[in-house]
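Student: coords please:
(one chain, ligands or ions: 1)
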Amino acid sequence: MSAFDYDVIVIGSGAAGLSAAIEAAETGASVMVVEADDHLGGATRNSTGVVYAADTKTQAEAGVEDSADALYDYVLVLNQYAVRPDLIRMYADRSSGMVDWLTSLGCEFPANMLVHSDVSGVERGHTSKTFGLGISDVLINRAGVLGVETALGTRVDGLLMEDGRTVGIRSGETELRAPCVVIATGGFGNSPEMLAKWFPSAAYHGERTWAVHRDAPFILGDGITLGESVDAQITGYDRGLIQPTPCFDSRYVEAFLPPWIVAVNESGKRFMAEWDSYAVCGYLINEQPGRRCWAIFDRKTMVENGDDLSYADPYNSGLATSSWEEITIEREVEKGVVHKADTIREVAAMAGLDADAVEETIRVYNRDIEEFGEDRVFRKDGNGRPLSPVKEAPFYAVEVRPAIIGFTAAGLDVNADMQVLDTRGKVIEGLYAAGETLGCFHGKRYAGGGTSIGSAVIFGRHAGTVAGEQALAARSSEPAA
Ligand SMILES: Cc1cc2nc3c(=O)[nH]c(=O)nc-3n(C[C@H](O)[C@H](O)[C@H](O)COP(=O)(O)OP(=O)(O)OC[C@H]3O[C@@H](n4cnc5c(N)ncnc54)[C@H](O)[C@@H]3O)c2cc1C
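Tutor: Just a heads-up that it's a prediction; the model follows:
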């Protein structure tokens with residue numbers, strides 16, 4: 001009998017883990033996926049299911065011209081080149097194939113669900129017709145067909161090491177051995193301790209901070225803990241996606257601010273187009289003094305526009321929720337969370353803002369809209385509706401913070417074969433990683449909606465192929481029993 005129980009063990013069953021398991025199994029390796037939760041799918045299954053890709057059949061059908069080179073250049077420029085060109089290049093070159101692969105497994109990415117999910121001006125957000133659940137379902141089905149085994153309710157808490165290489169995993173008293181182990185445990189959005197250590201600008205908001213991963217309870221950064229236990233390099237400090245929220249108790253998953261508010265910082269000045277993509281808004285707020293801003297608006301605009309939730313759902317997912325409705329805002333006024341007054345000066349003062357500055361900001365905004373019909377400074381798009389001036393009492397001021405975590409981006413460092421690197425830059429033999437547990441892929445800015453699942457699938461597949469091949473090579477070099 002082999003000294004190993006499996007050729008490849010994958011920790012975690014989201015898009016990265018299942019993609020790795022499938023490709024490892026395709027090489028002929030025996031594969032076990034170990035999952036802490038009581039079902040497969042991870043945060044991936046709860047997601048909107050947008051994948052980011054260039055030069056795809058879906059784009060061609062929609063008449064969108066694009067290329068891998070354009071995607072590559074955009075991500076590098078957006079991040080001022082402070083990203084790993086080898087990984088971005090691999091992503092760019094494989095993104096179209098990733099969509100084809102998911103399609104071949106049963107996913108659909110209809111042309112009418114192709115969206116702008118970034119700030120490149122090119123529609124690269126491919127929305128799965130059955131959202132994240134559909135993506136995880138097809139991966140689960142394919143893994144099953146290939147004979148991948150799964151162990152649910154099994155949280156891995158240790159890596160087995162022999163002579164400096166990884167030879168398996170531990171969960172409590174149970175040990176499983178394999179020459180290749182893939183860490184695909186996702187991010188750490190649900191762990192306040194990990195956030196304080198690795199994503200302090202998100203943790204800054206204290207009790208207000210929460211992650212959209214809340215329904216996937218084991219998104220706790222175990223990949224980092226496991227990696228640290230074997231001297232793995234942790235990288236990507238303070239990176240991730242943060243989305244703006246009024247921090248009400250309702251805790252709706254929201255990524256966009258409504259176009260009809262005017263956002264001012266602590267100095268009472270505007271600093272962004274309020275309805276800009278969540279690829280940029282959270283970061284822009286985070287860069288303001290106090291890492292916060294205030295939404296100023298009047299009741300008339302809120303009532304006239306509050307029924308239109310399309311601003312919150314540019315991906316047409318039908319999953320959008322909004323805190324920016326009259327009933328919610330008035331409830332928060334009663335609780336003293338939202339300020340309401342008869343003049344702009346009064347409401348600004350209640351929020352602790354400089355009344356002169358806010359009054360001037362609103363005057364310029366109103367003048368531009370009334371006289372010129374547009375937001376001349378920040379060039380805000382009204383989402384198909386004309387922008388309204390903020391001029392009829394009562395007025396409101398709502399504090400907004402970038403406190404919803406869309407994903408975390410600190411984690412393990414890997415080489416281009418997805419092999420985990422130690423603190424001296426050396427490969428930890430037998431150990432691979434992919435997905436949100438990586439700290440070396442995303443830059444300081446979120447390139448766009450879909451790069452998280454996209455990278456989980458692309459790098460998960462690659463990790464699985466390399467691990468499978470390595471494991472089979474290890475098997476064939478074992479002495480005969
Ligand atoms: C509501 C929502 C909407 C989103 N929308 C999008 C989108 O449209 N596009 C996009 O690109 N991204 C989106 N994201 C982010 C994206 O879903 C994730 O970043 C991505 O799916 C991560 O995939 P993963 O395979 O790395 O990890 P996950 O899918 O999170 O899977 C990790 C798995 O590892 C398991 N695990 C953790 N620790 C252990 C352990 N010690 N032992 C065993 N198992 C363990 C977890 O239980 C989990 O099942 C969204 C996320 C959410 C929650």
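Student: ok, now how distant is the closest residue to T27 other than its chain neighbours from L220?
Tutor: What sits nearest to T27 in space, not counting adjacent residues and going by CB to CB, 6 or more residues apart in numbering, is G468, at 3.2 Å. From N, CA and C alone the C-beta is placed, and that goes for glycine too. G468 sits 28 Å away from L220, going by CB to CB, to the nearest Å.
Student: So for the two, which sits in the more crowded spot?
Tutor: Per other CB atoms under 10 Å, whichever of G468 and L220 has more neighbours is G468, with 26 against 22.
Student: can I assume that one is in contact with A24?
Tutor: Yes - in this structure, G468 is within contact of A24 by CB atoms under 8 Å, at 3.6 Å.
Student: any idea of the pLDDT on the residue nearest to T27?
Tutor: We have a pLDDT of 98 for G468.
Student: Can you show me the strands along the stretch 51-200 of the chain?
Tutor: Along the stretch 51-200 of the chain, the segments classed as strands by DSSP state E, counting those that start in this stretch run 114-115, 125-127, 149-151, 158-162, 165-171, 174-177, 180-183.
Student: since we're on L102, how many residues are nearby?
Tutor: Residues near L102, counting by other CB under 10 Å, number 27.
Student: what do you get for E399?
Tutor: Neighbours of E399 (other CB under 10 Å): 18.
Student: Which strand or helix spans it?
Tutor: strand 395-408 (DSSP states H and E).
Student: again, but for A463
Tutor: Element membership of A463 [criterion: DSSP H and E] is helix 451-476.
Student: Would you mind putting the strands of the stretch 51-200 of the chain into a markdown table with mean pLDDT, distance to the ligand and mean neighbour count alongside?
Tutor: Below are the strands of the stretch 51-200 of the chain laid out as a markdown table (pLDDT from 0 to 100; distance: least, CB to the nearest ligand atom, whole Å; neighbours: other CB atoms under 10 Å):
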| stretch | mean pLDDT | distance to the ligand | mean neighbour count |
| --- | --- | --- | --- |
| strand 114-115 | 93 | 10 | 22 |
| strand 125-127 | 96 | 7 | 27 |
| strand 149-151 | 98 | 9 | 17 |
| strand 158-162 | 98 | 10 | 17 |
| strand 165-171 | 98 | 7 | 20 |
| strand 174-177 | 98 | 12 | 15 |
| strand 180-183 | 98 | 9 | 34 |
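Student: List the contacts of the residue nearest to T27.
Tutor: Applying CB atoms under 8 Å, 6 or more residues apart in numbering, we find G468 in contact with D7, V8, E23, A24, A25, E26, T27, G28, A29, V31, C180.
Student: Keep only those of those that are in strands.
Tutor: Per DSSP state E, strands hold the following members of these: V8, V31, C180.
Student: Which single one of the residues you listed is nearest to V138?
Tutor: Closest approach to V138 among those (CB to CB): V31, at 17.1 Å.
Student: beta partners of the closest one?
Tutor: For V31, the beta-bridge partners under DSSP bridges are V8.
Student: can you pull the pLDDT of it?
Tutor: 98.
Student: Would you confirm that it contacts V8?
Tutor: Yes - using CB under 8 Å, V31 is in contact with V8, at 4.8 Å.
Student: Report the set of residues contacting both of these two.
Tutor: A21, A24, G468.
Student: Can you flag the buried ones in the contacts of G468?
Tutor: Among the contacts of G468, those scoring as buried are D7, V8, E23, A24, A25, T27, A29, V31, C180 (criterion: 16 or more other CB atoms under 10 Å).
Student: Looking at those, spot the one nearest A357.
Tutor: A357 lies nearest to E23 out of the buried ones among the contacts of G468, by CB to CB, at 56.3 Å.
Student: coming back round to it: between G468 and A24, which contacts overlap?
Tutor: Common contacts of G468 and A24 (CB under 8 Å, 6+ apart): D7, V8, V31, C180.
Student: which residues in the stretch 301-450 of the chain form helices?
Tutor: 326-334, 344-350, 355-367 (DSSP state H, counting those that start in this stretch).
Student: so the residue nearest in space to the middle of the chain bridges to which residues?
Tutor: Closest residue to the average C-alpha location of the chain: F407 at 3.7 Å, with CA atoms, centre = their mean. Taking DSSP bridges as the rule, F407 bridges to L241.
Student: ok, now how distant is it from G439?
Tutor: Between F407 and G439 the computed distance is 12 Å (CB to CB).
Student: for A184, same thing?
Tutor: Distance, A184 to G439, using CB to CB: 14 Å.
Student: So for those two, which residue has more residues nearby?
Tutor: Shown here are A184 and G439; by other CB under 10 Å, A184 has more neighbours (32 against 26).
Student: That one reaches L438, doesn't it?
Tutor: No - contact criterion CB under 8 Å: A184 and L438 do not qualify, at 9.5 Å.
Student: returning to what we had before: specify which member of the shared contacts of V31 and V8 is nearest to G290.
Tutor: The nearest member of the shared contacts of V31 and V8 to G290, counting by CB to CB, is A21 at 44.8 Å.
Student: Dump stretch 419-427 to CSV, restricted to CA.
Tutor: Output of stretch 419-427 as CSV, limited to C-alpha atoms (Å, rounded to 0.1, in the frame of the first residue of the first chain):
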residue,chain,number,x,y,z
GLN,A,419,3.6,26.5,-5.2
VAL,A,420,3.6,28.2,-1.8
LEU,A,421,6.8,30.2,-1.0
ASP,A,422,8.4,30.5,2.4
THR,A,423,9.7,33.7,4.0
ARG,A,424,13.0,33.3,2.2
GLY,A,425,11.3,32.9,-1.2
LYS,A,426,11.9,29.2,-1.4
VAL,A,427,9.2,26.7,-2.6
